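Undergrad: Quick one: sequence plus predicted model below, questions after.
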Amino acid sequence: MKGPTNQLNIPISMLSVKEVLKSRVLSDDYEIENNDAFFVADLGEIYRQHLRWKTHLPRVEPFYAVKCNGDPMLLRLLAALGTGFDCASKSEIQAVLDMGVDPSKIIYANPCKQGSFIRFAAERDVKMMTFDNIDELYKIKRLFPNAQLLIRILTDDSKALIRLGAKYGASLDDTGFLLQSARELDLNVIGVSFHVGSCCYDENSYIDAIRRAKFVFNQAAELGFNFHLLDIGGGFSFSSKSDGFTFERVAAVLGPAIDETFPSNIRVIAEPGRYYAAPAFTIATHVIGKRTVCRDIEEDYVPDMNIDQVNALPTRDDNPAFMYYINDGLYGSFNCILYDHQIVTPKVLMKGGSFLFGETLDEPEYSCFVWGPTCDSIDCITKNGNLPELFLGDWLYFEDMGAYTISAATKFNGFKRTKVIYTTTDPSVFDFLCVSL
């Protein structure tokens, strides 16, 4: 069922993700326009993630990292829930301000900023921003001398899938010099910022970063600064699987470490991105093409495969292997494979007219490649998959696709960006969404 629309005039249903998917894919004609790939965004999942955060890290204020996914409904829901926002550019700041967010709820958390963007932030009274080098201090002094600064420090990000320390973060050997320089420039440094790397998989990385931050707090106190803000960055897992690296596992050690190290008068914020966005988005893609491949063929017949990969394919006497082509790919929503090092898992949504969301098929599975729709051979989503044999008109779906997907999608080869359909699986927030957004 469709619910009332909001300020953006976008409908929000109260259906489950499964029901939304089913309503969209049950069509016998795989050539019609309605069979474009599409996202289903469950706004109820975003709300549940927010409650989960407040339960396990109640002291830490989330400032959502807009770069992760700038979907307007996601941003408006988070704004209505009272989160802050981590912005990296003029456009991101403007998007958040346009929603009526107070400038004090924004941190310009890019340590190296374009001069005109700093001036823009000053004009909009977005005061909080980060730095990690002396040239940035001179730039800020010239363009926004009343800014409220956080010194971003280098941490051990060796236990993260995406390491950021090579680009950003002042080492503890340099923080004293930078703070002394800020004092001489009469700049207002109010705290410390750090980031343990994206997709961090060791809770001890946060503990080590807390210790480093405390060291810099002490340095600042000796120089006469009155630090009152700690920004613990991002990197948080969204997983709730008991056999995985969960948010609860991090919070169980991070929360006490903060309380033991910093008194209650120190404000603590964080910059979660994928934590909120990833689990809320599911993408459905249409099988638009298919090829059958076998091992005993010429190597150059199979693009992007070396001889070992070809030899790994079944022979003509064994089960076949297949190539499937779907209508979204690496240049679109699956750019997360290239830019975010994600491993995506295709699942069968519809096969032969049967809707199969969440089901395990009692059928043989075959080796397969899943390709995107563009003419570039780099556009491969899965190179070592195993799926039941599919046919033109069938559908695949991929879960946990909200992080660093939509935000970096392109229109390469003229393919349009994938549409988002909104629902909420939490009835308690439906009226709130429609009234508040």
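TA: That came through fine. Everything numeric here is computed off the predicted structure, so don't read it as measured data.

Undergrad: make it CA atoms for all contacts and neighbour counts henceforth
TA: Noted.

Undergrad: Phe369: helix or strand, and which one exactly?
TA: Applying DSSP states H and E as the criterion places Phe369 in strand 366-371.

Undergrad: in its sheet, what does that strand sit against?
TA: strand 321-326 (parallel), strand 380-387 (antiparallel) (DSSP bridges).

Undergrad: Pull out the buried residues from the shortest one.
TA: Which is strand 321-326. Neighbour-count burial for strand 321-326, counted by 16 or more other C-alpha atoms under 10 Å, picks out Ala321, Phe322, Met323, Tyr324, Tyr325, Ile326.

Undergrad: can you pull the contacts of the fifth one?
TA: Taking C-alpha atoms under 8 Å, 6 or more residues apart in numbering, we find Tyr325 in contact with Val287, Ile288, Gly289, Lys290, Val370, Trp371, Gly372, Pro373.

Undergrad: repeat for the second one
TA: Residues counted as contacts of Phe322 (C-alpha under 8 Å, 6+ apart) are Lys290, Arg291, Thr292, Val293, Tyr366, Ser367, Cys368, Phe369, Glu389.

Undergrad: quick one: which of the residues you listed is most hemmed in?
TA: Within the contacts of Phe322, Cys368 tops the neighbour count with 23 neighbours, counted by other C-alpha atoms under 10 Å.

Undergrad: My guess is that one contacts Pro388. True?
TA: No: using C-alpha atoms under 8 Å, Cys368 makes no contact with Pro388, being 9.2 Å away.

Undergrad: list the residues that contact both of those two?
TA: Residues within reach of Cys368 and of Pro388 at once, by C-alpha under 8 Å, 6+ apart: there are none.

Undergrad: so where's the stretch 201-350 of the chain shaky on pLDDT?
TA: Along the stretch 201-350 of the chain, the parts satisfying pLDDT under 70 run over 201, 240-244, 294-319.

Undergrad: can you give me the helices for the stretch 51-200 of the chain?
TA: Using DSSP state H, counting those that start in this stretch, the helices of the stretch 51-200 of the chain run over 72-81, 90-97, 115-123, 134-143, 172-184.

Undergrad: what's the angle from the last one to helix 134-143?
TA: Looking back up the chat, that one is helix 172-184. If you take axes from the mean of the first three to the mean of the last three C-alpha atoms, to 10 degrees, helix 172-184 sits at 20 degrees to helix 134-143.

Undergrad: So which bits of helix 172-184 are buried?
TA: For helix 172-184, burial by neighbour count (16+ other C-alpha under 10 Å) applies to Leu172, Thr175, Gly176, Leu178, Leu179, Gln180, Ala182, Arg183.

Undergrad: what does it rub up against?
TA: Helix 172-184 has contacts (C-alpha under 8 Å, 6+ apart) with 132-134, 137, 151, 153-154, 188-189, 212, 216, 219-220, 223.

Undergrad: Could you tell me how far that helix lies from the centre of the chain?
TA: How far helix 172-184 lies from its chain's middle: 33 Å, per C-alpha atoms, centre = their mean, to the nearest Å.

Undergrad: same deal with the shortest one?
TA: How far helix 90-97 lies from its chain's middle: 18 Å, per C-alpha atoms, centre = their mean.

Undergrad: quick one: that helix to helix 72-81, angle?
TA: 60 degrees.

Undergrad: go on, the fourth one?
TA: For helix 134-143 and helix 72-81, the angle between their directions (the same axes, to 10 degrees) works out to 70 degrees.

Undergrad: from the chain's centre, how far out does helix 134-143 sit?
TA: Distance of helix 134-143 from its chain centroid, counting by C-alpha atoms, centre = their mean, is 30 Å.

Undergrad: Name the residues that touch that helix?
TA: The contact list for helix 134-143 (C-alpha under 8 Å, 6+ apart) reads 111-113, 115, 118-119, 122, 131, 147, 178, 181-182, 185, 187.

Undergrad: Which among those residues count as buried?
TA: Here, 16+ other C-alpha under 10 Å leaves Pro111, Cys112, Lys113, Ile118, Arg119, Ala122, Phe131, Ala147, Leu178, Ala182, Leu187 buried among those.

Undergrad: Quick check: neighbours of the longest strand anywhere in the chain in the sheet, parallel or antiparallel?
TA: The single longest strand within the chain, with elements called by DSSP state E, is strand 281-293. If you go by DSSP bridges, strand 281-293 pairs up with strand 38-42 (antiparallel), strand 321-326 (antiparallel), strand 395-398 (antiparallel).

Undergrad: Next, format the ones you listed as TSV and append distance to Ala80.
TA: Converted to TSV, the strands paired with strand 281-293 look like this (distance: least, C-alpha to C-alpha, whole Å):
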stretch	distance to Ala80
strand 38-42	16
strand 321-326	36
strand 395-398	28
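
Undergrad: Any idea which of those gets closest to Ser377?
TA: Across the strands paired with strand 281-293, Ser377 has its closest neighbour in strand 321-326 (11.6 Å, C-alpha to C-alpha).

Undergrad: and that closest one, how far out from the chain's middle?
TA: Mean-position distance between strand 321-326 and its chain equals 27 Å (C-alpha atoms, centre = their mean).
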